[in-house]
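Engineer: My questions are about this predicted structure, shown below with the sequence.
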Amino acid sequence: MSDTLTSISPTRPYMVRALYQWIEDNALTPYLMVDATAKNVQIPTEHVQDGRIVLNIASRATGNMSMENDYIHFSARFGGVSQEIWVPLIAVLGIYAKENQQGMFFDPDEYDNYQPEKDSTISSIENNTPDAPKPKRDNKAGLKVLK
């Protein structure tokens, strides 16, 4: 039973995507609270306070947003300068709506026993391997027109 529990994927990426969609559907502003001290976080460090940063991840404030099971990636402007933002899901502390603070904060121990697959994209990125696969950046649907 414990082997099964350690192999179950964390709920965090699914909850982040669901709450992001709910916040956007209700015309609110999704804010992502990130542990700026976590490994492989790529954020504008000049905006970090108390080891954390809060990012506006509204679709109108970001470009090329990608929310995968291992990371969140997007581009955003800070002080008028476009920057690429990478946030491993393990570094996400919470997601909530700016206007009413409704959302969710996550158990900091959720990833303690999680063992990701050996071939996951984030493992390659973490190891800085030159052959690391590039994350998907297009939002093309996987549908074909059948005749």
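Structural biologist: Cool, the structure landed. Numbering: from 1, shown residues only.
Engineer: State the mean pLDDT of the helix or strand residue 95 falls within.
Structural biologist: Remark: residue 95 resides in strand 92-97, with elements defined by DSSP states H and E. When the per-residue pLDDT values of strand 92-97 are averaged, the result is 98.
Engineer: Residues contacting that strand, please?
Structural biologist: Contacts made with strand 92-97 from outside it, assessed by Cβ atoms under 8 Å, 6 or more residues apart in numbering, are listed as 12, 15-16, 19-20, 23, 26, 28-35, 52, 57, 72, 102-106, 108. Glycine gets a C-beta too; all of them are placed from N, C-alpha and C.
Engineer: Report the buried members of those residues.
Structural biologist: Burial by neighbour count, 16 or more other Cβ atoms under 10 Å: within the contacts of strand 92-97 this picks out 12, 15-16, 19-20, 23, 28, 30-35, 57, 72, 103, 106.
Engineer: for this protein, what are the low-confidence residue spans?
Structural biologist: In the predicted model, the chain carries pLDDT under 70 at residues 1-6, 117-147.
Engineer: now with 90?
Structural biologist: Within the chain, the ranges that satisfy pLDDT under 90 run 1-9, 108-147.
Engineer: Would you state the helices of this structure in chain order?
Structural biologist: Listed from the start of the chain, the chain has helices (DSSP state H) covering 2-7, 12-25, 121-126.
Engineer: who does the longest one touch, helix- and strand-wise?
Structural biologist: Using 3 or more Cβ pairs under 8 Å, 6 or more residues apart in numbering; DSSP states H and E, the elements in contact with helix 12-25 are strand 30-35, strand 63-67, strand 92-97, strand 103-105.
Engineer: could you dump these to TSV with distance to residue 48?
Structural biologist: Putting the helices and strands packed on helix 12-25 into TSV (distance: least, Cβ to Cβ, whole Å) gives the following:
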stretch	distance to residue 48
strand 30-35	9
strand 63-67	21
strand 92-97	13
strand 103-105	18
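Engineer: now for these, which one comes closest to residue 47?
Structural biologist: Put simply, out of these the one that sits nearest residue 47 is strand 30-35, at 10.5 Å, with distance taken as Cβ to Cβ.
Engineer: So residue 68 versus residue 27, what's the distance?
Structural biologist: Here residue 68 is placed at a distance of 25 Å from residue 27 (Cβ to Cβ, to the nearest Å).
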